[in-house]
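Q: Task: produce atomic coordinates for the following.
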Amino acid sequence: VFETDIAVLDESGQPLLGLTDAMFELPAVECGWGLCVNDPSGQEIANWLPLTGTPQAFGLIPASPRRPFAAGLLVDQGSIVTDSHADPHRVDAIVEFLQRFTGTNSVALAEFRERTSGSVLQTHGDFVNDGRSLLDPARGLGERVGGSSPVVPAVQEMLGIISSRPPVAPPTVVLISNTWIEASDRLVLAAASRAASTPIVTISSQESAADLAARTGGIFVKIEFPTTYRTALRSLDSLLSGDLPFYRMRFSVTSDYAAAFAPRNTLFMHVRITLGERDHVFVPVVLPF
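A: Numbering: from 1, shown residues only. The predicted structure is shown next:
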């Protein structure tokens, strides 16, 4: 029996309320980022099936009181940005987020890509309470794209910086990247995240990013199309402060391979949300045992 939480957002980043359990389906698809269980190394070891095609329990969890946070934006600047046609949508969304970021919470901005020498990470100062001070480097992100995307050393270095100069509020790394992260690398980053007591929120189109977020206690925000970056960044403040309402669904699964349900294995699935006759959203969900 599993429970998972899903927030459904409109284009402005606001939560869609009033959805029913019949709109949330567990489609029976082939294993392979569908209905499958992976061992700790990332190898698929078993299929599983839902006992029912819709949630067995379902409800809207109201927003909680806001809590303080420190958001460390870590932006992938590798050529994957060009390959996925992410800009200018990605840059515009980050700029808009920073323009609106003022108050007692704090934000930092860093970027990474392959470099001929030195660190793969380029930071733009410490955590600040006014995101508008970061607008100049944010506006230039689209001009500094190219090369590979060394996600592992970049995240490790970002976590190290946060640990050495911790902000006042509890920190979170917000990884904005469409680079695929290998299973072994996810384990390395999850260990680094736990050591730094810093969860990782991932904003990505890749299911591997959903796995990384789940392993670190973070949140995964799916980028369906380049225009979705604006939706994702508009909701980020509420996601990090904990005041975003969401749907909690409970479901049961079965498998012919009993050893699949063992500690450190991971269940991968998709939830299909039907919002209209031709409007379907597929949400990847990762549930570690």
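
Q: My read is that Ser193 contacts Ala213, right?
A: No - with contact defined as CB atoms under 8 Å, Ser193 and Ala213 do not form a contacting pair (9.7 Å). Heads up, the C-betas are built off the backbone N, CA and C, glycines and all.

Q: Show me the common contact partners of those two, please.
A: Taking CB atoms under 8 Å, 6 or more residues apart in numbering as the contact criterion, the residues that touch both Ser193 and Ala213 are 199-200.

Q: Ala259 and Gln122: what is the separation?
A: Plainly put, Ala259 is 45 Å away from Gln122 if you go by CB to CB, to the nearest Å.

Q: quick one: which of these two has more around it?
A: Higher neighbour count among Ala259 and Gln122: Gln122, with 17 against 11, using other CB atoms under 10 Å.

Q: Leaving out chain neighbours, which residue sits closest to the more buried one?
A: Of all residues beyond its chain neighbours, the one nearest Gln122 is Glu111 (5.2 Å), with distances taken as CB to CB, 6 or more residues apart in numbering.

Q: how many neighbours does the one you found have?
A: Counted with other CB under 10 Å, Glu111 comes out at 23.

Q: again with Ile162
A: The number of residues packed around Ile162, counting by other CB under 10 Å, is 20.

Q: roughly how far apart are it and Ile181?
A: For Ile162, the distance to Ile181 under the criterion CB to CB works out to 19 Å.

Q: Quick one: residues in contact with the one helix or strand the residue nearest to Gln122 maps to.
A: Under DSSP states H and E, the secondary-structure element containing Glu111 is strand 106-112. When contacts are taken as CB under 8 Å, 6+ apart, the neighbours of strand 106-112 outside the stretch itself are 70-78, 98, 101, 120-129, 131, 134, 137-138, 141, 144, 149-151, 153-154, 158, 161, 167-169.

Q: And the residues you listed, which of them are buried?
A: A residue is treated as buried here by neighbour count (16 or more other CB atoms under 10 Å); on that basis the buried members of the contacts of strand 106-112 are 70-78, 98, 101, 120-123, 127-128, 131, 134, 137-138, 141, 149-151, 154, 158, 161, 167, 169.

Q: Dump the C-alpha coordinates for stretch 229-237 into CSV.
A: Output in CSV follows, covering the C-alpha atoms of stretch 229-237 (Å, rounded to 0.1, in the frame of the first residue of the first chain):
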residue,chain,number,x,y,z
TYR,A,229,9.1,26.6,-17.0
ARG,A,230,7.0,29.7,-16.2
THR,A,231,4.3,27.5,-14.4
ALA,A,232,7.1,25.7,-12.5
LEU,A,233,8.8,28.9,-11.3
ARG,A,234,5.6,30.6,-10.4
SER,A,235,4.7,27.8,-8.1
LEU,A,236,8.2,27.4,-6.6
ASP,A,237,7.6,29.9,-3.7
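
Q: Going along the chain, name the helices of the stretch 151-289 of the chain.
A: Assigned by DSSP state H, counting those that start in this stretch, the helices in the stretch 151-289 of the chain fall at 151-164, 183-195, 207-216, 228-241.

Q: For Glu155, which residues are in contact?
A: Careful, residue 155 is Val and not Glu. Counting by CB under 8 Å, 6+ apart, Val155 touches 74, 173, 175, 189, 192, 200.
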